[in-house]
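Student: what would the 3D arrangement of this be:
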Amino acid sequence: MIHVIAGPPCSGKSTHTREHAQPGDTIVDTDALAFALGHTESHGATGAIKRAAYAAREAAIVDALNHPDDDAWIIHTDPTSAHIERYSAAGASLTVLDPGIDVCLARAEAEDRPDGTADTIRAWYARRTQEKGSTVANTKDLRVAIKAVGEADGLLEGQFRALVSVFGNIDSYGDIVEPGAFTDSLAAWAAKGSPIPLVWSHDWTDPFSHIGVVDQAEETDEGLLVLATVDMDNPKAAQIYRLLKGRRVTKFSFAYETIESEIVTRDEVIVRLLKRLDILEVGPCLIGANSATDLLDIKALDTLSTQVKEGRVLAAKHLDNLRTARDMLAAVITAAEATTDDGGKSSAEPSTSTGQPTPETANASDAASSKSSASGDGDGTAQAEALLTLLAI
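Tutor: Residues are numbered from 1 along each chain as shown. Purely as a prediction, here's the structure:
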């Protein structure tokens, strides 16, 4: 899938892309291309290098559009309507990063960006203000960690509960959502008597991407908690629900408009406090930004074991896959227990890692690699193979 990341200079487009792109994804970043072509600074290439960088960028975009099934990230500050049509025809998603003109200008000064950056920022916002009938809204995409699943949660068919916004922490956009940010908006939705839409990956143009509604939404001490129901009669919605149930989609997003915000400095970092937001829709998505959100529980239509008890017949290859996965997991558990018995740290202990190693942890990992046993490496492979085997059923 193609992800187009737009926004003014200093809005965090490159940072957002680095944090969300996966190894092997194509990243089309003009500044990075200029650096690779010989520019010695991170921004502000001129002359022949700038010309070559833009030529390489255009070639990379054409290649991405010709191969829309491959994952690509295109950083495009201010796409025109013609550009957007090209991207839309390829099924690309568009995310606009808009931390506010004051934040961008402050970052440009703090980062000593090249001359003219502030003027470019002002021009970007001037054009945005002049746009009429724009349907582009701010969005926040949030990583989800599944905590519970099953009928014991007391949910109806097709329902799930998720924490779609977290209060108090700095997300990858440099924003902090304050408690009370959604109070007025939730009251307005309740007064209208209309449910907040549940939309897949902000795809407002496809009616089948409108996959359900939010039944309840409330602010808790942690953030914005929603209870939503998926329209199981919609084939696309039913598939997305299966992806949620199988943990193959693990992120949520919400679209909003900023009503009130404030620029502050926290721990020498310029951030934006989001004080009042008008929430437009929420929904699951494929990319995310805030690691602190939670999908709390979800009720499946039927578990595989229940279906088997009720007479479903599994194909022989699926039974073989289950047995293979069982044996792989048993080997992992045995190895983990042996490690614990030897006085080492069990791999079964919960991890607090975000999955992205810091330089310190990366160095520590390299230093300890000579002490790792072959069985330890095999255990990780066995876990992955077991998971893939189960997902194939």
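
Student: what about stretch 164-174, start to end distance?
Tutor: 17 Å (Cα to Cα, to the nearest Å).

Student: tell me the contacts of the nearest residue to Ala92 once chain neighbours are set aside?
Tutor: In this structure, Ala92 finds its nearest non-sequential neighbour in Ile2, 3.7 Å apart by Cβ to Cβ, 6 or more residues apart in numbering. C-beta coordinates here come from the backbone N, C-alpha and C atoms, glycine included. Residues near Ile2 by Cβ atoms under 8 Å, 6 or more residues apart in numbering: Ala64, Leu65, Pro68, Asp71, Ala72, Trp73, Ile74, Tyr87, Ala90, Gly91, Ala92, Ser93.

Student: again, but for Ile84
Tutor: Contacts of Ile84 by Cβ under 8 Å, 6+ apart are Leu94.

Student: with Phe35 instead?
Tutor: Glu41, Ser42, Ala45.

Student: return the per-residue confidence for the closest residue to the second one other than its chain neighbours.
Tutor: In other words, Ser42. Nearest residue to Ser42, sequence neighbours excluded (Cβ to Cβ, 6+ apart): Asp31, at 6.1 Å. For Asp31, the model assigns a pLDDT of 88.

Student: can you count the residues close to Asp31?
Tutor: 17 (other Cβ atoms under 10 Å).

Student: can you map out the helices along this protein?
Tutor: 13-20, 30-36, 47-66, 81-89, 101-110, 117-130, 183-192, 235-245, 304-309, 316-341, 359-368, 374-391 (DSSP state H).

Student: rank those helices by pLDDT, which is bottom?
Tutor: helix 359-368 (a mean of 37).

Student: distance check, Gly91 against Val4.
Tutor: 11 Å (Cβ to Cβ, to the nearest Å).

Student: same check, this time on Asp98
Tutor: In terms of Cβ to Cβ, Asp98 sits 14 Å off from Val4.

Student: okay, the two: which has more neighbours?
Tutor: Counted by other Cβ under 10 Å, Asp98 and Val4 do not tie: Val4 has more neighbours, with 24 against 21.

Student: ok so, going back, for Ala217, state which of the contacts of Phe35 is nearest.
Tutor: Proximity of these to Ala217 (Cβ to Cβ) peaks at Ser42, which lies at 41.0 Å.

Student: is it true that the closest one touches Asp29?
Tutor: No - Ser42 is beyond contact range of Asp29, at 10.4 Å (criterion: Cβ atoms under 8 Å).

Student: between the two, which has more neighbouring residues?
Tutor: Higher neighbour count among Ser42 and Asp29: Asp29, with 20 against 14, using other Cβ under 10 Å.

Student: apart from its chain neighbours, what residue comes closest to the more buried one?
Tutor: Ile75 (4.8 Å).

Student: show me the contacts for that neighbour.
Tutor: Counted by Cβ under 8 Å, 6+ apart, Ile75 has contacts Ile5, Lys13, Ser14, Thr17, Ile27, Val28, Asp29, Thr30.

Student: dump the residue contacts of the first one.
Tutor: Under the criterion of Cβ under 8 Å, 6+ apart, the neighbours of Ile5 are Lys13, His16, Thr17, Trp73, Ile74, Ile75, His76, Thr95, Leu97.

Student: among those residues, which one lies nearest to Glu157?
Tutor: Nearest to Glu157 among these, with distances taken as Cβ to Cβ, is Thr95, at 32.1 Å.

Student: quickly list what Gly283 is bridged to.
Tutor: Applying DSSP bridges to Gly283 gives these bridge partners: Ser253.

Student: isn't it right up against Ser201?
Tutor: Yes - Gly283 is within contact range of Ser201, at 6.8 Å (criterion: Cβ under 8 Å).

Student: which one of these two is surrounded by more residues?
Tutor: Neighbours were counted for Gly283 and for Ser201 using other Cβ under 10 Å; Gly283 has more, 27 against 21.

Student: from Ser42, how far out is that one?
Tutor: Per Cβ to Cβ, Gly283 is found 35 Å from Ser42.

Student: which residue ranges make up the domains of the protein?
Tutor: Domain assignment for the chain by automatic domain parsing gives 2-130, 138-306, 314-347+374-393.

Student: follow-up on the earlier one: show me which of the contacts of Ile2 are buried.
Tutor: Ala64, Leu65, Asp71, Ala72, Trp73, Ile74, Tyr87, Ala90, Ala92, Ser93 (16 or more other Cβ atoms under 10 Å).

Student: in a markdown table: the residues you listed, plus distance to Asp171.
Tutor: A markdown table is the format used below for the buried ones among the contacts of Ile2 (distance: Cβ to Cβ, whole Å):
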| residue | distance to Asp171 |
| --- | --- |
| Ala64 | 27 |
| Leu65 | 30 |
| Asp71 | 22 |
| Ala72 | 24 |
| Trp73 | 18 |
| Ile74 | 22 |
| Tyr87 | 25 |
| Ala90 | 28 |
| Ala92 | 23 |
| Ser93 | 18 |
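
Student: show me the residues you listed that map onto strands.
Tutor: Mapping the buried ones among the contacts of Ile2 onto strands (DSSP state E) picks out Ala72, Trp73, Ile74, Ser93.

Student: what does the pLDDT read for the second one?
Tutor: Right, Trp73. 92.

Student: ok, what's across the strand from it?
Tutor: Those that pair with Trp73 in a beta bridge, by DSSP bridges, are His3, Ile27.

Student: next one: it from Phe254, what distance?
Tutor: Counting by Cβ to Cβ, the gap from Trp73 to Phe254 is 21 Å.

Student: same question, the first one
Tutor: For Ala72, the distance to Phe254 under the criterion Cβ to Cβ works out to 25 Å.

Student: also the last one?
Tutor: Between Ser93 and Phe254 the computed distance is 15 Å (Cβ to Cβ).

Student: and for the third one?
Tutor: Taking Cβ to Cβ as the criterion, Ile74 is separated from Phe254 by 23 Å.

Student: circling back to that earlier point, mind putting the contacts of Ile2 in a markdown table, distance to Arg107 included?
Tutor: A markdown table is the format used below for the contacts of Ile2 (distance: Cβ to Cβ, whole Å):
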| residue | distance to Arg107 |
| --- | --- |
| Ala64 | 28 |
| Leu65 | 31 |
| Pro68 | 32 |
| Asp71 | 28 |
| Ala72 | 26 |
| Trp73 | 21 |
| Ile74 | 22 |
| Tyr87 | 26 |
| Ala90 | 31 |
| Gly91 | 32 |
| Ala92 | 26 |
| Ser93 | 25 |
